[in-house]
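**Q** model the structure of this input:
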Amino acid sequence: MNVIGEPIDERGEIKTDHYLPIHREAPAFVEQATEQQILVTGIKVVDLLAPYQRGGKIGLFGGAGVGKTVLIMELINNVAKAHGGFSVFAGVGERTREGNDLYREMIESGVIKLGDKQSESKCALVYGQMNEPPGARARVGLTGLTVAEHFRDAEGQDVLLFIDNIFRFTQVSFNCLGSRLT
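**A** Next comes the predicted model:
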């Protein structure tokens, strides 16, 4: 889907009667969990050397072609299949080809289902691609967060939220901020 929730995969309308704003209050501090738990990813080197904290934040940094997207795909696949969790991928300023490749790989791996089994999909993709206006690209991370919060709060699922690429997110945010200052 795009930043305002419209489908871009040519699979028809997204049926829902539940809409949320992307700008809203954060949960109260007392509502947030304080106990630390490890998120078992199923990737041995990650779980042993650099375990991820449930409810925490991590960053994957590296140059082009070193395997960041491969690791993201593996995390999404493992969490979906081993733990029944749900993932949301927010692509900020993605190239159309990159978004399409990720979508096809998700279908091939069985994380995204087509046809009659569409409701069994374990991942939502939200894109603000390079060809879209800066305002749309700047807000796609918030749309992804709102989708993730829906699956966490309304459906009680464990959710992984991926925002790719933070550099492009900060770049477009500065572009939007700069246009407001002039």
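**Q** what's the biggest helix in the chain, counting residues?
**A** Looking across the chain with DSSP state H, the single longest helix is helix 134-153.
**Q** dump the C-alpha coordinates for that helix into CSV.
**A** Taking Å, rounded to 0.1, in the frame of the first residue of the first chain, the C-alpha atoms of helix 134-153 are listed here in CSV:
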residue,chain,number,x,y,z
PRO,A,134,8.6,14.3,-0.5
GLY,A,135,5.6,14.6,1.9
ALA,A,136,4.5,11.1,1.1
ARG,A,137,8.0,9.7,1.5
ALA,A,138,8.4,11.5,4.8
ARG,A,139,5.2,10.0,6.2
VAL,A,140,5.5,6.4,5.1
GLY,A,141,7.4,5.5,8.3
LEU,A,142,4.4,6.8,10.3
THR,A,143,2.0,4.8,8.1
GLY,A,144,4.1,1.7,8.7
LEU,A,145,4.1,2.3,12.5
THR,A,146,0.3,2.8,12.5
VAL,A,147,-0.2,-0.5,10.6
ALA,A,148,2.1,-2.2,13.1
GLU,A,149,0.3,-0.7,16.0
HIS,A,150,-3.0,-2.0,14.6
PHE,A,151,-1.8,-5.6,14.4
ARG,A,152,-0.3,-5.3,17.9
ASP,A,153,-3.2,-3.6,19.6
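**Q** okay, the residue most central in space within the chain: pLDDT?
**A** Centre of the chain computed as the mean C-alpha position; nearest residue by C-alpha atoms, centre = their mean is Phe89, 2.3 Å away. We have a pLDDT of 93 for Phe89.
**Q** was I right about it contacting Val126?
**A** Yes - the pair Phe89 / Val126 is scored as a contact, 7.0 Å apart, by C-beta atoms under 8 Å. The way it works is simple: take the backbone N, C-alpha and C, and place the C-beta from them, glycine included.
**Q** what do these two both touch?
**A** Residues touching both Phe89 and Val126 (C-beta atoms under 8 Å, 6 or more residues apart in numbering): Gly144.
**Q** if we can go back for a sec, helix or strand for the residue nearest to the centre of the chain, which one?
**A** strand 86-92 (DSSP states H and E).
**Q** looks like Ala82 contacts Ile43 (just checking).
**A** No - counting by C-beta under 8 Å, Ala82 does not reach Ile43; the two are 10.7 Å apart.
**Q** out of the two, which sits in the busier spot?
**A** Ile43 (14 against 11; other C-beta atoms under 10 Å).
**Q** contacting residues around the more buried one?
**A** Here Ile43 is in contact with 71, 74-75, 78 (C-beta under 8 Å, 6+ apart).
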